[in-house]
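> sequence first, then the predicted structure:
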Amino acid sequence: MKLGLFGGSFDPVHLGHLLVAQAACEEVGLDRLYFIPAAQSPFKPGSEPAPATERARLLRLALAGQTRFEIDLQEVARGGVSYTIDTVRDYAQRFPGAELFWLIGADHMPTLPKWREADALAAAVRFIVIPRPGQVPTALPAPFRGVELHGFPLGVSSSQIRARVKAGLPIGGLVPAAVAEAIRNNRLYL
Ligand code: ATP
C-alpha cells in the first residue's frame with residue numbers, strides 16, 4: 001500500500017494544494033493521501049495561523065466527495081511546533097509494511113537537511129517533490145530519497161490568498177468555491 005502524507009499550514013487550502021495531491025496520486029499511484037495541517041510550522045515561527053478548527057473546516061469543504069483524500073488532525077491535537085518525524089513515526093507504527101511518501105513543494109526542498117532528525121526522516125519516508133513556479137529545479141539533497149513529479153505548476157500560495165482577502169480582492173478560481181464562501185462567511189483573513 002502506498003500512502004501519501006501531505007503536511008502544511010493550509011491557511012487556507014488552495015487549488016495549488018489540490019493539484020499537488022492529484023499529481024501525486026496519478027504519477028506515483030498512491031492508494032490514499034492524508035492532508036495533515038500543522039499546529040505551528042517550525043519554519044513560520046513568527047506567524048500566527050488561523051485557528052486549526054477554521055483551517056480544518058476549509059480542508060473538509062475542499063476535499064468533500066474525494067474518497068482517496070483524508071484529513072488527519074494529529075499535529076493539531078499534539079499542539080505546539082509540528083515536526084514531520086513525529087507524524088511519520090505514527091504512520092509507520094499504524095501501517096506497518098506500507099510505503100510512506102511525504103509530499104512537498106519544490107520551495108521546501110532546500111530546507112530538508114534542517115528538518116528535525118533528518119537522517120531518521122530520510123530513512124523512514126520517500127519524498128514526492130512537486131514543482132512550484134518561481135523555484136529553480138534542484139536535486140533532492142542527500143540522504144533524502146524520492147521522486148520529482150511533473151505536477152500542474154500553479155503559482156498560487158496561501159499568503160497570496162490571505163493578502164487578496166485583506167485587500168478586498170476576489171479569490172474565486174484560486175480556491176474551491178465552497179472554500180471562498182466559507183472564508184467570506186466566517187470573516188477570515190480580514
Ligand atoms: P504560505 O503562502 O502561507 O507560505 P503555502 O501556499 O506555501 O503557504 P502551505 O500550506 O505552507 O502553503 O504548503 C504546504 C505544502 O504545499 C508545502 O510543501 C508547499 O511547498 C506546497 N505547496 C503549496 N502551494 C503549492 C503550489 N502552488 N505548488 C506546489 N506546491 C505547493
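In hand now; what should we look at? Nothing here was measured: the structure is a model prediction, and the numbers come from that model. Residues are numbered from 1 along each chain as shown.
> what about the longest helix in the chain?
For the chain, the longest helix by residue count, based on DSSP state H, is helix 15-28.
> tell me the gap between it and the middle of its chain.
11 Å (Cα atoms, centre = their mean, to the nearest Å).
> ok and the next helix or strand after it relative to helix 15-28, angle-wise?
Counting by DSSP states H and E, the next helix or strand C-terminal to helix 15-28 is strand 32-37. If you take axes from the mean of the first three to the mean of the last three Cα atoms, to 10 degrees, strand 32-37 sits at 150 degrees to helix 15-28.
> helices and strands around strand 32-37, which ones?
strand 2-8, helix 15-28, helix 52-63, strand 69-71, helix 74-78 (3 or more Cβ pairs under 8 Å, 6 or more residues apart in numbering; DSSP states H and E). From N, CA and C alone the C-beta is placed, and that goes for glycine too.
> how about it against the ligand, any contact?
No. Counting by Cβ under 6 Å from any ligand atom, the ligand has no neighbours in strand 32-37; the shortest distance is 8.0 Å.
> stretch 173-190 too?
No. Applying Cβ under 6 Å from any ligand atom, one finds stretch 173-190 separated from the ligand by no less than 9.8 Å.
> in the longest helix of the chain, what's buried?
15, 16, 17, 18, 19, 20, 21, 22, 23, 24, 25, 28 (16 or more other Cβ atoms under 10 Å).
> and the fifth one, how far from the ligand?
Counting by Cβ to the nearest ligand atom, to the nearest Å, the separation of residue 19 from the ligand is 7 Å.
> residues in contact with that residue?
151, 152, 154 (Cβ atoms under 8 Å, 6 or more residues apart in numbering).
> can you put the buried residues of helix 15-28 in TSV and add pLDDT?
Formatted as TSV, the buried residues of helix 15-28 follow (pLDDT from 0 to 100):
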residue	pLDDT
15	98
16	97
17	97
18	97
19	96
20	95
21	97
22	96
23	96
24	96
25	96
28	97
